[in-house]
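**Q** model the structure of this input:
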Amino acid sequence: MRQNQPLVRLSPASVAAPIKRFANRGGWGRDAIRWLADRGAVPVGSWPANSRDQKYYNDSNRELAKNYMVREWVECQPRNLSQMVSLLLRGIPLAAGYNWWGHEVTLTEAIWLDGEVAIRFRNSWGNWGDYGFGIVRGAKMLADDLVGPYSGSMT
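**A** Numbers count the residues shown, from 1 in each chain. Next up, the predicted model:
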């Protein structure tokens, strides 16, 4: 959307499942962003968003994923608030991994609550929080793994 391309919903499972050998285990944004740069992601119409079923990891979907690759991204220093907020203020969403939670979420924007910065995030668990959205503040908002794509390709 940032590049004025049509909205295509991509399956996070088309990246995470093969990386984790189809097991339900946590992962890191750095691993995912490198996968996206090398192989791409599959649209949800061809691979359901949260399915780890190996039947979707087929030649057709691997070829389709090449149409949705990340070309450029930034890898931030762990627990670096300045880098995190700076990128969010530029409109770059970030994949953030939290050791304290054992989970990866998407940071969507920096907001101010009670005179301090806080971070709004989107969780892949859609029935969690406020329709999948939540806010993290203080030391807990400092991610241990933080990457953000800022350009990609659609062919």
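
**Q** how near is the closest residue in space to residue 50 that isn't next to it in sequence to residue 67?
**A** In this structure, residue 50 finds its nearest non-sequential neighbour in residue 13, 5.4 Å apart by CB to CB, 6 or more residues apart in numbering. C-beta: built from backbone N, CA, C; applies to glycine. With distances taken as CB to CB, to the nearest Å, residue 13 is found 17 Å from residue 67.

**Q** neighbour count: the two, which is higher?
**A** residue 13 (23 against 14; other CB atoms under 10 Å).

**Q** what ranges in this protein fall below the confidence cut-off?
**A** Within the chain, the ranges that satisfy pLDDT under 70 run 1-3, 124-128, 152-155.

**Q** what's the domain layout of it?
**A** 13-70, 74-153 (automatic domain parsing).

**Q** so how far is the first one off the chain centroid?
**A** Spelled out, it's domain 13-70. 12 Å (CA atoms, centre = their mean, to the nearest Å).

**Q** show the end-to-end separation of it, please.
**A** Length of domain 13-70, first residue to last, CA to CA, to the nearest Å: 16 Å.

**Q** who does the nearest residue to residue 41 once chain neighbours are set aside bridge with?
**A** Once flanking residues are discounted, residue 41 sits nearest to residue 10: 4.1 Å by CB to CB, 6+ apart. Judged by DSSP bridges, the bridge partners of residue 10 are residue 43.

**Q** how about the contacts made by residue 10?
**A** Contact analysis of residue 10 by CB atoms under 8 Å, 6 or more residues apart in numbering lists 41-44, 68.

**Q** do that again at 10 Å, thanks
**A** 36, 40-44, 47, 49, 65, 68, 152 (CB atoms under 10 Å, 6 or more residues apart in numbering).
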